[in-house]
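Colleague: Pasting the sequence and the predicted model now:
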Amino acid sequence: MDTIASLFSFITWPVSWVIVQFHKLYGAIFGPDTGWAWGLSIVSLVVLIRICLVPLFVKQIKSTRNMQVLQPKMKAIQERYKSDKQRQSEEMMKLYKETGTNPLSSCLPILAQSPFFFALYHVLSAIASNKKIGVIDQSLLDSARQAHIFGAPLAAKFMDSADKVEALGASLVDVRVVTAVMIVMMSASQFFTQRQLMTKNVDLTVKTPYMQQQKMLMYIFPLIFAVMGINFPVGVLVYWLTTNVWTMGQQMYVINQNPTPGSKAQDQYLGRLLKSVTTHGEVRGRTKRNTVKRIVAKGPDRNDIERKFITGLAKLGLAAQEDGTVEKSDTAVADAEGGAAQRRQQPKRQTKAKRHTGAAQQGGAKDGDSGEPEPTTSLQKKAPQDDKPKPAGKPASGASRQAKSGQRKGPQRPKHPSKK
């Protein structure tokens with residue numbers, strides 16, 4: 001770790017200068033040698049860096065959205081070339097190039113923070129070794145070595161020996177308890193941040209390499225930080241825990257205010273928006289109006305969640321407009337009520353026995369269309385309609401065959417005189 005940190009030694013001077021400036025501010029409030037002064041200086045360094053990285057975070061959001069839009073095309077490529085993995089990868093890269101999407105954009109904030117992270121590690125290692133570095137002179141070095149965060153020195157590590165910890169004025173038990181708690185919190189915040197993204201802001205029904213990558217990162221990153229955390233000084237753990245909490249809060253805000261289309265977060269967001277419109281009768285806020293405007297612009301390309309939102313507005317007698325506002329519309333009410341009534345009035349599917357019974361009744365009605373049959377008893381016989389004998393060589397009619405088989409009762413032909 002020291003070798004890697006030395007590669008970023010060029011940035012240790014600005015990092016140490018920023019920490020010293022914040023230390024002057026907090027030292028005047030809490031005292032220059034306290035852990036609060038040095039700890040809050042590191043936290044402020046994180047906040048400053050993350051504010052500078054907001055453009056990269058916006059780029060990460062856009063790349064993630066592009067990946068979501070490309071999910072159907074990516075799935076089609078997978079199904080088309082599922083037997084040819086090389087061709088599948090080539091088509092995926094071609095699709096990324098055509099749409100200007102970079103699957104690795106989600107790692108940009110972490111990669112951009114790496115130089116500052118290793119520079120801070122280099123500064124704290126120098127403090128632990130009692131070496132001046134950057135703008136930290138001997139007086140600031142002595143002050144930093146006296147600073148403790150919950151009983152653990154700023155430059156102490158989980159793997160430090162008892163002699164080294166005692167030289168910093170602390171006990172080994174305090175250092176290991178504090179560092180262990182911070183490592184668990186750091187790993188847990190990393191896992192929760194990634195899990196929040198996977199469960200709320202993506203569509204898991206579409207299996208793509210991007211989704212598999214994100215799912216793998218959800219388990220790999222916390223494990224990496226847990227293993228590496230035992231070699232981080234307490235000050236570095238404060239830095240990384242702060243940046244994880246910042247990322248988690250920043251992502252939570254984006255998911256709640258600008259969710260990915262088709263995700264669970266969008267369903268919750270549009271539900272809250274519909275409730276707000278129901279209460280106030282209008283769309284309040286520029287961001288919300290922009291959301292409605294995008295939904296209206298999609299037209300027939302809306303997803304199920306967005307169509308559900310438009311239907312909910314129609315039931316309230318409102319219609320979404322192109323500028324993102326809503327207006328009262330009697331047509332929308334009629335369409336909503338008509339569609340609901342049509343769904344309620346749909347006849348139930350009949351069973352096979354009922355269909356056969358209905359067909360038999362219709363057949364009986366057709367037979368009796370010429371007149372209403374006279375009621376007869378089972379002992380009465382019907383008179384034959386034709387008493388003339390038919391030639392012997394003429395085949396029997398279909399009615400005669402059915403009468404012989406007992407399937408139908410009706411007028412029968414009299415026997416030939418020669419057979420009496």
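Modeller: Perfect, I can see it now. Residues are numbered from 1 along each chain as shown.
Colleague: Going by C-alpha atoms from here, please, whenever you check contacts or count neighbours.
Modeller: Will do.
Colleague: and Val296, how many residues sit next to it?
Modeller: 21 (other C-alpha atoms under 10 Å).
Colleague: and if you look at the one 10 residues further on?
Modeller: Neighbour count for Glu306, taken as other C-alpha under 10 Å: 21.
Colleague: Just list the residues touching it, thanks.
Modeller: By C-alpha atoms under 8 Å, 6 or more residues apart in numbering, the residues touching Glu306 are 270, 295.
Colleague: Assumed it was part of a helix.
Modeller: Yes: Glu306 sits within a helix when classified using DSSP: H, G, I helix; E, B strand; the rest coil.
Colleague: That one and Ala180, how far apart?
Modeller: Between Glu306 and Ala180 the computed distance is 46 Å (C-alpha to C-alpha, to the nearest Å).
Colleague: again with Gln113
Modeller: If you go by C-alpha to C-alpha, the gap between Gln113 and Ala180 works out to 23 Å.
Colleague: Kindly report the same for Lys200.
Modeller: Distance from Lys200 to Ala180, counting by C-alpha to C-alpha: 30 Å.
Colleague: Ok, Asp323 next?
Modeller: Look at Asp323 and Ala180: by C-alpha to C-alpha, they are 53 Å apart.
Colleague: just Thr243 next, same as before
Modeller: Taking C-alpha to C-alpha, one finds Thr243 at 18 Å from Ala180.
Colleague: Repeat that for Asn231.
Modeller: 11 Å.
Colleague: okay, and the common contacts of these two?
Modeller: Residues touching both Asn231 and Ala180 by C-alpha under 8 Å, 6+ apart: Phe158.
Colleague: returning to what we had before: ok, Thr243 and Ala180, which is more surrounded?
Modeller: Each of Thr243 and Ala180 has its neighbours counted (other C-alpha under 10 Å); Thr243 has more, 23 against 17.
Colleague: What's the separation between the more buried one and Lys164?
Modeller: 28 Å.
Colleague: Would you state the helices of the stretch 151-300 of the chain in chain order?
Modeller: 162-167, 172-200, 209-229, 234-257, 264-280, 286-298 (DSSP state H, counting those that start in this stretch).
Colleague: so which of those helices comes closest to Trp36?
Modeller: helix 234-257 (11.5 Å; C-alpha to C-alpha).
Colleague: hmm, who's touching that closest one?
Modeller: 39, 42-43, 46-47, 50, 117, 120-121, 124, 149, 152-157, 179, 182-183, 185-186, 189-190, 192-193, 196-197, 200-201, 229, 265, 269.
Colleague: swap in stretch 140-152?
Modeller: In contact with stretch 140-152 (C-alpha under 8 Å, 6+ apart) are residues 32-36, 38-39, 127-128, 130-132, 153-155, 168-171, 174-175, 178, 234.
Colleague: can you give me the mean pLDDT across that stretch?
Modeller: If you average the pLDDT over stretch 140-152, you get 88.
Colleague: How far off centre is it?
Modeller: Its chain's C-alpha centre and that of stretch 140-152 lie 44 Å apart, by C-alpha atoms, centre = their mean, to the nearest Å.
Colleague: CA-only coordinates of stretch 87-97 in CSV, if you can.
Modeller: Once non-C-alpha atoms are left out, stretch 87-97 reads as follows in CSV (Å, rounded to 0.1, in the frame of the first residue of the first chain):
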residue,chain,number,x,y,z
ARG,A,87,-20.1,-12.2,-32.1
GLN,A,88,-22.3,-11.2,-29.2
SER,A,89,-19.5,-9.2,-27.6
GLU,A,90,-18.7,-7.5,-30.9
GLU,A,91,-22.3,-6.5,-31.4
MET,A,92,-22.5,-5.2,-27.8
MET,A,93,-19.4,-3.0,-28.3
LYS,A,94,-20.8,-1.8,-31.6
LEU,A,95,-24.1,-0.8,-29.8
TYR,A,96,-22.1,1.0,-27.1
LYS,A,97,-20.1,2.9,-29.7
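Colleague: Before we move on, what's the pLDDT of Gly35?
Modeller: pLDDT, Gly35: 90.
Colleague: does it really touch Val43, like I thought?
Modeller: No: taking contacts as C-alpha atoms under 8 Å, Gly35 lies outside contact range of Val43: 11.9 Å.
Colleague: Return, as residue ranges, the portions of the stretch 251-400 of the chain with sub-threshold pLDDT.
Modeller: For the stretch 251-400 of the chain, the stretches with pLDDT under 70 are 330-400.
Colleague: returning to what we had before: which one's more surrounded, Gly35 and Val43?
Modeller: Gly35 (25 against 19).
Colleague: what about Asp84, how many residues close to it?
Modeller: Neighbour number of Asp84 under other C-alpha under 10 Å is 10.
Colleague: Need phi/psi at it.
Modeller: Phi and psi for Asp84, reported as degrees, to the nearest 10, are phi -130, psi 90.
Colleague: next one: Lys82
Modeller: Backbone torsions of Lys82, given as degrees, to the nearest 10, read phi -70, psi -20.
Colleague: can you tell me which residues contact the nearest residue to it once chain neighbours are set aside?
Modeller: What sits nearest to Lys82 in space, not counting adjacent residues and going by C-alpha to C-alpha, 6 or more residues apart in numbering, is Gln88, at 7.1 Å. Gln88 is in contact with 77-78, 81-82, counting by C-alpha under 8 Å, 6+ apart.
Colleague: any chance of these in TSV, plus secondary structure, distance to Pro261 and pLDDT?
Modeller: Formatted as TSV, the contacts of Gln88 follow (DSSP: H, G, I helix; E, B strand; the rest coil; distance: C-alpha to C-alpha, whole Å; pLDDT from 0 to 100):
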residue	secondary structure	distance to Pro261	pLDDT
Ile77	helix	21	84
Gln78	helix	22	79
Tyr81	coil	27	84
Lys82	coil	27	81
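Colleague: Ser63 and Leu70 touch, don't they?
Modeller: No: if you go by C-alpha under 8 Å, Ser63 and Leu70 don't touch, sitting 10.6 Å apart.
Colleague: low pLDDT regions in the stretch 101-250 of the chain?
Modeller: Short version for the stretch 101-250 of the chain, where the test is pLDDT under 70: 103-108, 202-214.
Colleague: try it again with 80
Modeller: Residue ranges of the stretch 101-250 of the chain with pLDDT under 80: 101-113, 117, 125, 128-129, 197-218.
Colleague: What residues sit buried inside the helix or strand encompassing the residue nearest to Lys82?
Modeller: Here Gln88, judged by DSSP states H and E, is contained in helix 85-99. Using 16 or more other C-alpha atoms under 10 Å as the test for burial, helix 85-99 gives 88, 91-92, 95-96.
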